[in-house]
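**Student:** With the input below, show me the fold.
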Amino acid sequence: LTLLARKVVHSQEEERAYLSRELHDGTGQTLVAIKLLIESALDRLVGTNDTVRTPLARALERLREALVDVRRMSHRLRPVMLDTLGLPAALNNLGEEMCGQAGMTFAMEIEGEPAELPDDVKTVLFRITQEALTNIQKHAACAYVGLRLTFGKKGLQLSIHDDGCGFDVVSVREHPRRGIGLRNMRERIETVGGQLIVQSQPGLTRITAELPYSAIQRFRVST
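**Tutor:** Got it, this is the predicted structure:
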């Protein structure tokens, strides 16, 4: 079952990577070409009245917004920084982007010496952070979000906490229609041999993913 879960997650990530490339290299480049054509047309419309220039200028502004949306979607599907700069930089970029959009203060800490991790492990930790930040945006009503990535002697620990309203952990876990995000996070970390710890009360909610190096080593061998 664990191997099957890993294969499902791997297939999902491959599909996300494909869609990300298509958005960036296909749709994104097409929008860029259209933007350049409109900018060229505006440059040539010197002296014409506003009945022509104004609609084109508005179309150009909407096109720029669409480009930003496409790039954001591409990044969410498969973050380039995760592959090029590693897990810490990708998590920091994700936190700043998502918290900035919601008007929340974000801070990240790294403890210990960062170790090289298998690609699937990095992806799992990134998706857990993404899910946690999404839940915070929707439900926490908080002003501050902190993320701590700890490379300890025995393993790796990822902790996301906020100063929001909190929730009843037991009732959310047992409710059939609530806590889907928490279940997704728990299932993801379990596929690589880790565990998820959830603590919450008014003023402090903490989601912690713990992964021993022994599990990471077994995961390297099995993949």
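
**Student:** ok, now which ones touch the residue nearest the centre of the chain?
**Tutor:** Nearest residue to the geometric centre of the chain (C-alpha atoms, centre = their mean): Gln130, 3.7 Å. By C-beta atoms under 8 Å, 6 or more residues apart in numbering, the contact set of Gln130 is Arg76, Leu94, Met98. C-beta here means a position set from N, CA and C on the backbone, and glycine is covered the same way.

**Student:** Got a ChimeraX select line for the buried ones in these?
**Tutor:** Provided next is the ChimeraX selection string for whichever of the contacts of Gln130 are buried by 16 or more other C-beta atoms under 10 Å:
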select :94,98
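
**Student:** element containing the residue nearest to the centre of the chain?
**Tutor:** helix 119-135 (DSSP states H and E).

**Student:** pLDDT on that helix, on average?
**Tutor:** The average pLDDT within helix 119-135 is 91.

**Student:** Could you identify the helix or strand that succeeds that helix?
**Tutor:** strand 144-151.

**Student:** Name the SS class of Glu109, please.
**Tutor:** Assigned with DSSP: H, G, I helix; E, B strand; the rest coil, Glu109 falls in the strand class.

**Student:** That one: what's it in contact with?
**Tutor:** Glu109 touches Gly146, Leu147, Arg148, Leu149, counting by C-beta under 8 Å, 6+ apart.

**Student:** Ser159 now?
**Tutor:** By C-beta under 8 Å, 6+ apart, the neighbours of Ser159 are Gly146, Leu147, Arg148, Leu149, Thr150, Arg206, Ile207, Thr208, Ala209.

**Student:** any idea which of the residues you listed has the most stuff around it?
**Tutor:** Ile207 (26 neighbours; other C-beta atoms under 10 Å).

**Student:** so that residue sits in a helix?
**Tutor:** No - applying three-state DSSP, one finds Ile207 to be strand, outside a helix.

**Student:** Renumber starting at 56 from here on
**Tutor:** Done: numbering now begins at 56, and the last item shifts to Ile262.

**Student:** Quickly list what it is bridged to.
**Tutor:** Ile215, Val253 (DSSP bridges).

**Student:** who does the lengthiest helix in the chain touch, helix- and strand-wise?
**Tutor:** In the chain, assigned by DSSP state H, the helix with the most residues is helix 105-132. Here helix 105-132 touches helix 57-76, helix 83-99, going by 3 or more C-beta pairs under 8 Å, 6 or more residues apart in numbering; DSSP states H and E.

**Student:** Distance to Cys197 added to these, as JSON lines?
**Tutor:** What follows is the helices and strands packed on helix 105-132, written out as JSON lines (distance: least, C-beta to C-beta, whole Å):
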{"stretch": "helix 57-76", "distance to Cys197": "28"}
{"stretch": "helix 83-99", "distance to Cys197": "33"}
